[in-house]
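Undergrad: Next comes the sequence, and after it the predicted model I'd like to discuss.
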Amino acid sequence: MAKSLAYKTTADIKVPDTILDQVIGQEEAVEVIKKAAEQRRHVLLIGEPGTGKSMLGLALAELLPKEKLVDVVALPNPNDENQPLIRAVPASKGRDLVLQARVQSQNLFKGQNWILLLLLLISLIVPWWVRSYYQSDIMFAAFFLGGMFFLAAFIFFMNMNKRPGLVGNVRIEVPKVIVDNYGRKQAPFWDATGAHAGALLGDVLHDPFQSGGLGTPAHERVVAGMIHKANMGVLFVDEIATLDPATQQELLTAVQEGRYSITGQSERSAGAMVRTEPVPCNFILVAAGNVETVQHLHPALRSRVRGYGYEIFMKETVPDTPETRDKIAVFIAQEVVKDKKIPHFSKDAVHAIVEEARRMANRKGHLTIRFRELGGLVRAAGDIAVGQGKKLVQPEHVMDAKKIAKTLEHQIADKFIERKKEYEVIITEGKKIGRVNGLAVIGSGAAHSGIILPIEAEVTPGGKEREIVATGKLGEIAKEAVKNVSAIVKKLFGEDIRETRDIYVQFLQTYEGVEGDSASIAVATAIISALKNVPVKQDHAMTGSLSVRGEVLPIGGVSAKVDAAIDAGIKHVIVPKSNVQDIVIEASRRKRINIIPVESIFQVLREAMDWTGKESVLKQIRAA
């Protein structure tokens, strides 16, 4: 068993020197990155934001040797000016090559330059001397125009001075360094996330002077892309599926060949007229994204990564053990050192952050490792401590930070609850027929928050609709879940009520939208209440998925939903029994609500509805 970390404040914790050792909770991914660095393999990282994907890419670059780095220079092609030559030289030698060429050029033209400059000065002075000596405006104008022509010729000559050409038997060629690794201490790492085609693949700049000998040589307009700058290093592309399919195809070509010619890629480029020789781009591709990325990733590109590298699914949580709690403490120490503007945390403040990691995990016995969101709380708590002039962050600073560092979704949910209660859309007292306080979440991943979802149902004679009519901003899964409720009603009462009655369900003021099946038990309760004229207790709220056999199934975001119920003033909340272990709420808040675990729709109906005078209906449901 690993020895527990001993510290009084995070200042006592040693922060690892290497990036790889700073990656927390992704042990399997770390081992894969080590293999990828050793064997130069590509890597596809899939997972939620903030779980360490970019750090793994940086760590891979840190592990690569730097002795093979090269500079890449573009040279004029004497045989075809639209196909610049490409040469690779050892790292840091590119600048020397350019300097030598410039010195040689200056030496060859040095004498001519001084003579021309002297003649230029004479041509600019003579018109004024002629005017003062001969007192003639006509002669002044003639000499002045002659001086202007000479000035234009001088500029043209100086421009030609920069272009390749022959002076005697010597050819002047001034190259351009397009990939410069001067002074680089480790293998390059380039983050190409969101880069357009020109920035990623290289480009050829537009030439505004294309005639008269004033044009810029093609090789001087060549700009290397990130794929070329990442040669012998790492190219990191997050949300890779957002790249245009054609760009993904070109990226695949670069990955396969290890060399890629630069040509015009944008509306400001020189188009396809200029195309260089192939430029080295032997990089390791680290592509990243979420689960949806896999569906939109170019199949051939993914096949290349899978066939010549590794695919990694990032963890979101780790078991809550003393060892992982110590890792959270190390993470906090790392954030303090990186930020350089906030004080260190006391041990009690670390425990407060660990408690928040439990809550964010949304899973009993686990801690979140979505460290970007957790890092935001660390910095907010540090800012509060700085504002109060404290030398250490204490638990009360973390509590205050939770209030000011709420996600947008949480702030929006708070406004929804406040306004709906103000206009009595949310009712938390008394009893009503056909009305239920459901629970839902807005947002996704770590950035989600619970909301109260009032649901009303009405049952009328008819049977013309033949199905449950649900209104509100519902997603496809939510619509399907509403339809399945009719099977439960038929099982409980032995009749297909759709043949004799029309059923209407309304999700009240769902401007934020509803998706998922977690409102199933609330819909079923509302319909049965309206059908049998049995009131529902409004100090109850509920969430849970419902199988066609009447079993209550687990749902997501249970902690956020219970939090929303507490904020709304709800006294009792009904949740799936299998989700009880996932509820992580502060002890002071948990005392404000009664959590009722259920396994079947019968238990839901028994707890949420007032059966006074309707005992016969309850017996019928129990018998079913």
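TA: Structure's in. What do you need?

Undergrad: Where in the chain is the helix or strand with the lowest mean pLDDT?
TA: Ranked by mean pLDDT, DSSP states H and E, the helix or strand of the chain with the weakest confidence is strand 165-167, at a mean of 44.

Undergrad: Go ahead and confirm residue 582 touches residue 360.
TA: No. Between residue 582 and residue 360 there is no contact under C-beta atoms under 8 Å: 11.8 Å. C-beta: built from backbone N, CA, C; applies to glycine.

Undergrad: Measure how buried the closest residue to residue 90 other than its chain neighbours is and give me the count.
TA: Closest residue in space to residue 90, ignoring its immediate chain neighbours: residue 70 at 6.2 Å, by C-beta to C-beta, 6 or more residues apart in numbering. When neighbours are defined as other C-beta atoms under 10 Å, residue 70 has 19 of them.

Undergrad: separation between residue 70 and residue 33?
TA: Distance, residue 70 to residue 33, by C-beta to C-beta, to the nearest Å: 24 Å.

Undergrad: number of nearby residues for residue 291?
TA: 10.

Undergrad: just checking, it touches residue 49?
TA: No. Using C-beta under 8 Å, residue 291 is not in contact with residue 49, being 11.9 Å away.

Undergrad: Residue 52: what's it in contact with?
TA: Contacts for residue 52 (C-beta atoms under 8 Å, 6 or more residues apart in numbering) come out as 23, 24, 25, 26, 29, 314, 369, 371.

Undergrad: quick revisit: right, and the residue nearest to residue 90 touches residue 86 too?
TA: No. Using C-beta under 8 Å, residue 70 is not in contact with residue 86; the gap is 11.2 Å.

Undergrad: my read: residue 183 touches residue 92, true?
TA: Yes. At 6.6 Å, residue 183 and residue 92 qualify as touching, with contact defined as C-beta under 8 Å.

Undergrad: Closest to the centroid, which residue in this protein?
TA: The centroid of the chain falls nearest to residue 49 when counting by C-alpha atoms, centre = their mean (5.5 Å).

Undergrad: so which strand or helix has that one?
TA: If you go by DSSP states H and E, residue 49 is not part of any helix or strand.

Undergrad: Give me the pLDDT value at it.
TA: Note on residue 49: pLDDT of 85.

Undergrad: Name the nearest residue to it, sequence neighbours excluded.
TA: Closest to residue 49 by C-beta to C-beta, 6+ apart is residue 372, at 6.4 Å.

Undergrad: Could you look up the SS state of the one you found?
TA: What DSSP: H, G, I helix; E, B strand; the rest coil gives for residue 372 is helix.

Undergrad: Would you agree residue 529 is in contact with residue 455?
TA: No. With contact defined as C-beta under 8 Å, residue 529 does not count as touching residue 455 (10.3 Å).

Undergrad: Next, show the common contact partners of those two.
TA: With C-beta under 8 Å, 6+ apart as the test, residue 529 and residue 455 both reach 435, 436.

Undergrad: what's in contact with stretch 614-624?
TA: Counting by C-beta under 8 Å, 6+ apart, 491, 492, 493, 494, 528, 532, 533, 534, 602, 605, 606, 611 sit against stretch 614-624.

Undergrad: ok, 7 Å please
TA: With contact meaning C-beta atoms under 7 Å, 6 or more residues apart in numbering, stretch 614-624 is reached by 491, 492, 493, 532, 534, 602, 605, 606, 611.

Undergrad: repeat for stretch 4-15
TA: Defining contact as C-beta under 7 Å, 6+ apart, one finds that stretch 4-15 is touched by 322, 326, 329-330, 332-334, 336-337, 344-347, 350, 392.

Undergrad: Can you select the buried ones from the residues you listed in PyMOL?
TA: Buried subset of those, written as a PyMOL selection, criterion 16 or more other C-beta atoms under 10 Å:
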select buried, resi 326+329+330+332+333+334+336+344+345+346+350+392
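
Undergrad: So which of the contacts of stretch 4-15 sit within helices?
TA: Among the contacts of stretch 4-15, the residues falling in helices (DSSP state H) are 322, 326, 329, 330, 332, 333, 334, 336, 337, 347, 350.
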